[in-house]
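A.B. asks: test case, fold it:
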Amino acid sequence: MPLVSTRGGGEASASQAVLRGMAPDGGLYAPRAFRAFSPRDIERMALQPYTARAARVLEALLDDYGAAEIAECVEAAYARFDAPGVAPVRELEAGTHVLELFHGPTLAFKDVALQLLPRLTRLAMEKQGERRELLVLVATSGDTGKAALEGFAGVPGTRCVVVYPSEGVSEAQRLQMVTQAGDNTHVIAVRGTFDDAQNGVKRIFSDESFAARMKTSDRVLSSANSINFGRLAPQVAYYFSAYADLVASGALEPGARAHFAVPTGNFGNILAAEYARRMGLPVGRLLCASNSNNVLTDFLASGVYDARRPFRRTISPSMDILISSNLERLLFELCGRDAGVVTGWMDALKAGRPYDVGEERLRALRQVFEGDWADDDATRAIIGEAWRKYRYLLDPHTAVAAGALARYRARTDDATPAVIVSTASPFKFGRDVAHALFGEEAVRGLDEFACCDRIAKHCGMRTPPRIAELPTLPLRHKLCVDPGEMADVLERILP
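C.D. replies: Numbers count the residues shown, from 1 in each chain. Below you'll find the predicted structure:
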């Protein structure tokens, strides 16, 4: 099924969308229609491995990729994951489960898509006859950057540039990026917030003179952020897989609804759950869990999106975002695919003004979505409680989602089976997890990696080797720039 721009700029095939990243009119690509899976289709997935489930979902989303091509890409992408089933579901107690998405090479959920995207990209270049070098430009709030670098490092015909907020990621996340090897990888720290980095990337994408200069240097610009439909599509698959696992284990009757609690920053992860729902997955409530940058919580309560608020640095840095780009795709569905309405809302946001979707659309939104948030103190308390109660270790982002589910159930007495979406290994946030487990005094003076050692010893676990080795790796990327310098610096560093 072809894709369409949320701002009305025409259609594209999946391979065209993968290469472009964003639509030429500044919009995001969305399916022209959603191909629905029948209850029987979903029930059959319970008998299949993750790779087969993912291939089935991707075939429904990527119109000009063949079944054999997708199957080959999926098998290769997930061969590096360290858990049977790629994205296993763990039971905390009856009716409460955790979907673990951190078993890839960078220990974060972004691996599920970004181990696959470079393979989809290579195929897309062949399909479109593209022989120029593909410049993949990525803004990251923490995990996307390393996952993109890891996925594209050494891929012929590509170059990957990651920009991140200089003070807005954990030490482990920073070191994962700045120690990245590969002649075709570049990392740039930006003085400011993730929104500054993301807005800078969007400006570059819409800069016609920059595009002309790239054309002169025989390059074409693309993205690996979740604005790229090729990043989003693989995420839809793990919601189907989680549901299939619940059915296979007997935790859920086929056709019964399940809730999903999702840590949410740029809105891509929870949008993938909504796409799964539109494709026939029996989703009940989608709990949109935020930290103190709770612009989405307020939006889901009022229907007004207003990013004019203080930006807060938190212990869940991948969610330190005030402009959630993927919300545009949901708004497109919410307003009946009226591209003019979407464009008006996005223009208001770009101009620093709020927009209001109105009471009727808000009611439709709240039939599925529920917003909640937790500050840092509450997040630490949730991490400590989960370890004491379940002997299960949460990272700060997943803890925010666990708290949202607990509060929702306390408010509603709704006992529907639910899945907490776990987005990262707790060892990527060693200091904050140690603080949650042992208290502030116990970690005073300890660095990130000493904290990881203490967690591992206390919990009878092992610090993942890819975290433990970070302090010993050479620093390869040291650039730090102002947001307005990004385009110029980018041109200077490209060979």
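
A.B. asks: pull out the buried residues from the lengthiest helix in the chain.
C.D. replies: When the chain is parsed with DSSP state H, its longest helix is helix 229-249. Neighbour counts over helix 229-249 (16 or more other CB atoms under 10 Å) mark 229-247 as buried. Using the backbone N, CA and C atoms, a C-beta is placed for each residue, glycine as well.

A.B. asks: try stretch 429-446
C.D. replies: By neighbour count on 16+ other CB under 10 Å, the buried set for stretch 429-446 is 429, 430, 431, 432, 433, 434, 435, 436, 437, 438, 443, 446.

A.B. asks: contacting residues around the first one?
C.D. replies: Residue 429 sits next to 170, 172, 315, 395, 396 when contact means CB atoms under 8 Å, 6 or more residues apart in numbering.

A.B. asks: ok, the residues you listed vs residue 46, which is closest?
C.D. replies: Proximity of those to residue 46 (CB to CB) peaks at residue 395, which lies at 28.1 Å.

A.B. asks: distance check, the closest one against residue 421.
C.D. replies: Distance of residue 395 to residue 421, given as CB to CB, to the nearest Å: 12 Å.

A.B. asks: again with residue 360
C.D. replies: Noted for residue 360: a distance of 29 Å to residue 421, by CB to CB.

A.B. asks: neighbour count winner among those two?
C.D. replies: Taking other CB atoms under 10 Å, residue 360 and residue 421 do not tie; residue 421 has more neighbours (28 against 10).

A.B. asks: ranges for the strands of the stretch 151-300 of the chain?
C.D. replies: 158-165, 185-190, 219-223, 258-263, 283-290 (DSSP state E, counting those that start in this stretch).

A.B. asks: so what secondary structure elements neighbour whichever strand or helix holds residue 489?
C.D. replies: Per DSSP states H and E: residue 489 is located in helix 486-493. In terms of contacts (3 or more CB pairs under 8 Å, 6 or more residues apart in numbering; DSSP states H and E), helix 486-493 is packed against strand 158-165, strand 185-190, helix 194-206, strand 479-481.

A.B. asks: contacts for it, please.
C.D. replies: Helix 486-493 is contacted from outside by 137, 161, 163, 186, 188, 190, 200-201, 203-204, 207, 210, 213, 479, 481, using CB under 8 Å, 6+ apart.

A.B. asks: mind running it again at 6 Å?
C.D. replies: Residues external to helix 486-493 that are found in contact with it (CB atoms under 6 Å, 6 or more residues apart in numbering): 186, 200, 204, 210, 481.

A.B. asks: quick check: angle from that helix to strand 219-223?
C.D. replies: 130 degrees (axes from the mean of the first three to the mean of the last three CA atoms, to 10 degrees).

A.B. asks: gap between helix 486-493 and the chain center?
C.D. replies: Offset of helix 486-493 from its chain centre (CA atoms, centre = their mean, to the nearest Å): 26 Å.

A.B. asks: again, but for stretch 441-451
C.D. replies: Distance, stretch centre to chain centre, for stretch 441-451: 29 Å (CA atoms, centre = their mean).

A.B. asks: average pLDDT for stretch 135-142?
C.D. replies: Per-residue pLDDT over stretch 135-142 has a mean of 89.

A.B. asks: also stretch 449-464?
C.D. replies: 97.

A.B. asks: stretch 412-430 too?
C.D. replies: Per-residue pLDDT values over stretch 412-430 give a mean of 97.

A.B. asks: ok, and for it, which residues are buried?
C.D. replies: 417-430.

A.B. asks: one more: stretch 138-158?
C.D. replies: Buried positions in stretch 138-158, judged by neighbour count with 16+ other CB under 10 Å: 138-153, 155, 158.

A.B. asks: now swap in stretch 112-128 and tell me
C.D. replies: By neighbour count on 16+ other CB under 10 Å, the buried set for stretch 112-128 is 112-125, 127-128.

A.B. asks: what mean pLDDT does that stretch have?
C.D. replies: 95.

A.B. asks: repeat for stretch 44-62
C.D. replies: Mean pLDDT, computed over stretch 44-62, is 97.

A.B. asks: next, the buried residues of that stretch.
C.D. replies: Buried, per 16+ other CB under 10 Å, within stretch 44-62: 45-46, 50-51, 53-62.
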